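In: Predicted model and sequence follow; I will ask about them next.
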Amino acid sequence: MIASADFNITQVERSKLHSLSLENIPFGKYFTDHMLEADYENGEWKNVEIKPYQPLVLSPSLAALHYGQAIFEGVKAYKNTKGEARLFRPADNFKRFNISAERMEMPKITEEIFIEGMKQLVKLDANWIPDKHDHSLYIRPLMFASDEMIGVKPSGKYKFLIMLSPTGPYYSAPMRIYVEEKYVRAVEGGVGYAKNAGNYGAAMYPSAEAKRKGYDQVLWMDAKEHKYVQECGTMNIFFIIGNKALTPGLDSGTILDGVTRDSVIQLLKEKNFMVEERNISIDELVAAYKEEKLLEVFGTGTAATISKIKELKYKDFIMEFDVERWKIAPEIKKRMSAIKEGREDDKYNWLVKV
């Protein structure tokens with residue numbers, strides 16, 4: 001064992017990487033040699049260690065399985081032109097993780113475990129970062145209730161994990177999106193702003209229904225009037241109308257405060273775009289489309305980065321876009337990739353050395 005900060009590292013004898021190619025690798029299918037694990041009990045975090053990636057032994061009465069106390073984050077690491085590993089805005093994910101923990105009545109994780117532990121883990125498995133454009137190492141911090149009892153109350157024990165997965169593009173082609181009018185993702189006063197597992201579980205059925213209709217994802221609408229757009233699948237969404245960039249605001253508590261979303265807003269302002277974070281009605285978008293002012297629509301997220309949307313279907317009206325003629329989304333994605341990969345100056349201090 002090698003001491004590091006307040007936790008230990010146990011390394012594998014032989015890396016799995018020797019028998020795996022990182023070419024054309026799918027999202028979230030393969031995991032690196034190591035993971036970080038920590039336990040919360042009696043009001044403190046303990047047993048923090050980095051060890052070989054392995055299955056967990058869990059009781060059938062595990063509280064998380066019954067009552068849904070589980071949250072997670074998504075972070076990415078990249079290699080720059082010198083082959084050095086860099087994390088992209090991990091402090092923002094750390095902050096959001098603890099916001100989710102508070103909403104789900106779970107303990108906050110410490111910065112030492114989340115940030116420093118992540119650095120140590122990525123440093124150990126840095127060879128797993130694909131050395132290829134638009135590829136990265138996806139980082140998944142996770143916390144779940146680990147009490148072994150059945151009873152509707154906050155757990156007294158929790159487990160925190162970080163696992164790593166090399167990945168290529170999440171959406172490889174422009175998407176067709178179905179505007180969902182029956183099912184909703186989040187309501188005011190709910191947990192829409194928290195990255196908790198239940199949000200994603202509830203989205204499975206309507207997302208599958210959209211795919212059965214030939215669409216890639218759904219555009220969620222508000223729960224009260226089914227009039228105002230919210231998120232697109234697991235992404236934040238942007239609309240370019242004339243010289244303005246519109247994206248749903250965060251005030252209602254139904255929108256995830258995306259790290260990529262915030263990065264895109266900064267880069268749009270850098271290009272002198274007027275960015276409006278506000279309620280956006282589907283009727284406004286239809287009207288802008290009919291007037292040929294709705295120029296581009298794209299989703300943003302850690303996994304997806306920036307994904308073009310080539311079609312929006314609302315009721316019987318279909319909005320189609322010639323994505324090959326777009327300028328804004330491709331330029332923003334190009335600029336962001338250049339910063340992440342060290343080909344352009346990181347003037348926003350987004351990158352963190354491991």
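Out: Sure thing, it's come through.
In: Can you give me the end-to-end span of stretch 229-247?
Out: 9 Å (C-alpha to C-alpha, to the nearest Å).
In: what mean pLDDT does that stretch have?
Out: In this model, stretch 229-247 has an average pLDDT of 96.
In: and it, which residues are buried?
Out: Buried residues in stretch 229-247, defined by neighbour count with 16 or more other C-beta atoms under 10 Å: 229-241, 245-247. All C-beta spots, glycine's among them, are computed from the backbone N, C-alpha and C.
In: same check, this time on stretch 125-137
Out: 125, 126, 128, 129, 130, 135, 136, 137.
In: How about stretch 204-220?
Out: Those would be 206, 207, 210, 215, 216, 217, 218, 219, 220, for stretch 204-220 by 16+ other C-beta under 10 Å.
In: Could you do stretch 52-65 as well?
Out: Applying 16+ other C-beta under 10 Å to stretch 52-65 flags 62, 63, 64 as buried.
In: looking only at pLDDT, what's the mean for it?
Out: Mean per-residue pLDDT for stretch 52-65: 97.
In: contacting residues around it?
Out: With contact meaning C-beta atoms under 8 Å, 6 or more residues apart in numbering, stretch 52-65 is reached by 10-12, 31-35, 69-70, 144-150, 155, 159, 163.
In: One more pass at 7 Å, please.
Out: 10, 12, 31-35, 69-70, 144-150, 155, 163 (C-beta atoms under 7 Å, 6 or more residues apart in numbering).
In: Any of the residues you listed buried? List them.
Out: Neighbour-count burial (16+ other C-beta under 10 Å) applied to the contacts of stretch 52-65 gives 31-35, 69-70, 144-147, 155, 163.
In: Need the max-distance pair from the buried residues of stretch 204-220.
Out: 216 and 220 (14.1 Å; C-beta to C-beta).
In: Quick check: phi and psi at the spatially closest residue to residue 270 that is not a sequence neighbour.
Out: Leaving out its chain neighbours, the residue that sits closest to residue 270 by C-beta to C-beta, 6 or more residues apart in numbering is residue 335, at 8.0 Å. Phi and psi for residue 335, reported as degrees, to the nearest 10, are phi -70, psi -40.
In: do the same with residue 140
Out: phi -120, psi 90.
In: How about the contacts made by it?
Out: 72, 74, 162, 163, 165.
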